[in-house]
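Undergrad: Model the structure of this input:
(one chain, ligands or ions: 1)
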Amino acid sequence: MTVGTAADRERLLATARSVLVRNWTGASTVPSRQQYPHQWGWDAAFIAIGSAWLSPRRAARELQSQVRGQWSDGRLPHIVFHPDVAEDAYFPGPAFWRSDEAPAGPHGIRTSGLIQPPLQARALLEVVRHCRHSLAARELARRAFPALAAQHGYLARRRDAGGGGLAAIVHPWESGLDDSPAWDVPLAAVQPPPGGVAPYERRDRRHVDPRERPDDAAYDRFVQLARAYRDIGYADDRLADRLAFCVEDPLFNAIWLWSTHALAELAPLAGADAGPYREAAAGIHHALMSRLWDPERRRFLPRDLTTGQAIDRYTVLSLGPLLDPELPSDVAATLAADLGSERFHGPAGHGVASTDLTGRDFDRRRYWRGPIWVNLNWMLARGLRQHDKVEQADLLDATTLDLVGAAGMREYFDPVSGDGRGVHDFSWTAALVVDILSRQGLT
Ligand code: 9WN
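TA: You can find the predicted model right below:
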C-alpha cells in the first residue's frame, strides 16, 4: 500500500499507536512482547522520540526507567531487565550478566554490562521540546541531564581505548547492528576457548525464521565475548589488549556526537554550562574525520583497535556521520550520493539497505546483513536534513512509510521485495512512524 491519502495515514498512525500501547509495561516499553521482553538502550531512545507526540509524560518515564539501570561508572546498560519476567524468556538473561556482582553494577535492578549507541540525550532533547510548559521542560531536563552527562563522561573517560577521542565498542551488540558484515573480520579473530564455547541455549529463533537471525558461528562468538567482558568485571582498562573485539564504529560515534550537541542545547535548561559539551562535540567531530574518514575510498570505515587497521566493508555504518552537523559539505554530498545509489537501494527503490547491495556480503534476508531498518532510515533522513538535503530526506521518509504501510510494523524489511522480516509489532518501527507522520503535520 502507498501511504497516499489522509485516511491511509490515519490508519497507519492508529496501528503504530496501538503497538506502543500494547508494548508499554507501565514504566517502559518492550521492543517486542515475545522476542525482547525487557528494556533496551537505544530502543528506549527511539521509543521516547515517537511516544513524545502521544504523551510527553510517558516518554519521560521511558527515559527515567533507562536511567534507573545506570552503573556507578556512568554507563547506561544495553538491557535493563524487568524483574517479573522469567529468566528463560530471553537469552542472555540477568543470570548470565551478573550485574549485581560487578563492582560498578547498580543496586536493586539487574542489567546487562554492555552499552549501546548513546542516543538518549538526543531523545531527551526531543521529549523536552514536546513539553508545552517551559516549567515542565526545565524540570525534566534538570532531572535527567546529570545522568546523561555521566553517560557521556563514561564514554570519554573509559571507552577511549584508541586514545584518539572516539569511544570504542567491545562487542557487536554494542553497535546495535549485531551481525553486520563490518564485524566479520574482527569476529573471525575471536578464538574459541580450548574445548569450545560452553553450551548455551539460543532463544531468539522461537518466534523468528532462523534464516532472518544471526548464524550459530556469530552467536558463539557473541556469547564468548560477553562472557570474557563479564569475567573481567566489565573493567575498561587496556581494553584493546584484554578483549578480542575492540572497534571504533562510525555510526556509534556519530550518534554520540549528535547526542553531545543535544547536551549542549539542554545544558542551559538544566542549569549547566553548555561550553564543555560544545568543546566535546568539536573533539568528536575532529576525531571522526581524522580516524575514520578514508579520503581515498571516500567513505567512513570502522577501525579495529586490536590491529590498528581500517575494516574495509561497506555497510550502512559508514553513512552514520551524516548525523554530524559539521561534516564538510563535499563529504556530506558523497555520503548522500552513495545513500541514494544502487549500493543502498534495491531495484524497486527500497532503501536504505544495511549492507551494500552490490557487495559479496549482502544477504537480503538476514538481520543486519542486508535488510532495511526503520531506525536507520529515520536517522539518515535526519542527517540528510541537517545538510539541507530536504528532498532526499522527504523521499526517504516516504519510502519508510510505504514499506511499513505495505508490510506492517515489522522489525526489518527485505530491500529487494519490501517484505517484512523479524518480529511483528516492533516498538521502534511504530514509534518512528509516529514521529514521521506527526512531523508531516498529521497530529
Ligand atoms: C541483542 C532490541 C535489540 C536491538 C538491537 C538488535 C537486537 C538483541 C538480540 O534487538 O539485538 O542486543 O537479541 O538480537 O540487534 O539493535 O536494540 O530491539
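Undergrad: Could you report the neighbour count for the residue of the stretch 51-200 of the chain found nearest the ligand?
TA: Relative to the ligand, the nearest point of the stretch 51-200 of the chain is residue 176 (3.7 Å; Cβ to the nearest ligand atom). For the C-beta atoms, the positions are set from N, CA and C on the backbone; glycine is no exception. Number of residues near residue 176 (other Cβ atoms under 10 Å) recorded here: 26.
Undergrad: Just the buried positions in the longest helix along the chain, please.
TA: Secondary structure of the chain per DSSP state H: the longest helix is helix 134-158. By 16 or more other Cβ atoms under 10 Å, the buried positions in helix 134-158 come out as 137-141, 144-145, 147-152, 154-156, 158.
Undergrad: Relative to residue 230, how far out is the residue of the chain most remote from its centre?
TA: Here the centre of the chain is the reference, and by Cα atoms, centre = their mean the most remote residue is residue 195, at 34.1 Å. Taking Cβ to Cβ, to the nearest Å as the measure, residue 195 and residue 230 are separated by 19 Å.
Undergrad: for residue 405, same thing?
TA: For residue 405, the distance to residue 230 (Cβ to Cβ) stands at 42 Å.
Undergrad: list the contacts for the residue of the stretch 251-400 of the chain found nearest the ligand?
TA: In the stretch 251-400 of the chain, the residue that lies nearest the ligand is residue 368 (6.5 Å; Cβ to the nearest ligand atom). Contacts here follow Cβ atoms under 8 Å, 6 or more residues apart in numbering; on that basis residue 368 touches 177-180, 354-355.
Undergrad: I'd assumed it was in a helix, is it?
TA: Yes - according to DSSP: H, G, I helix; E, B strand; the rest coil, residue 368 belongs to a helix.
Undergrad: what's the spacing between it and residue 236?
TA: 25 Å.
Undergrad: Equivalent analysis for residue 398, please.
TA: Counting by Cβ to Cβ, the gap from residue 398 to residue 236 is 42 Å.
Undergrad: backbone phi and psi for residue 266, please?
TA: As for residue 266, its main-chain torsions (degrees, to the nearest 10) stand at phi -80, psi -30.
Undergrad: what is the rounded mean pLDDT of stretch 290-303?
TA: For stretch 290-303, mean pLDDT rounds to 98.
Undergrad: So what touches it?
TA: 162, 164-166, 182, 247-250, 253, 288, 309-314, 317-321, 331, 334-335, 338.
Undergrad: if you look at those, which of them are in helices?
TA: Short answer: the contacts of stretch 290-303 in helices (DSSP H) are 250, 253, 331, 334-335, 338.
Undergrad: restrict those to those near the ligand?
TA: Among the ones in helices among the contacts of stretch 290-303, proximity to the ligand is found for none (Cβ under 6 Å from any ligand atom).
Undergrad: Just the buried ones from these?
TA: Buried, going by 16+ other Cβ under 10 Å: 250, 253, 331, 334-335, 338, out of these.
Undergrad: Go through these and name the one nearest residue 436.
TA: Nearest to residue 436 among those is residue 335, at 20.8 Å by Cβ to Cβ.
Undergrad: pLDDT added to the ones in helices among the contacts of stretch 290-303, as JSON lines?
TA: Formatted as JSON lines, the ones in helices among the contacts of stretch 290-303 follow (pLDDT from 0 to 100):
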{"residue": "250", "pLDDT": "98"}
{"residue": "253", "pLDDT": "99"}
{"residue": "331", "pLDDT": "98"}
{"residue": "334", "pLDDT": "98"}
{"residue": "335", "pLDDT": "98"}
{"residue": "338", "pLDDT": "98"}
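Undergrad: Many thanks, I have nothing further to ask.
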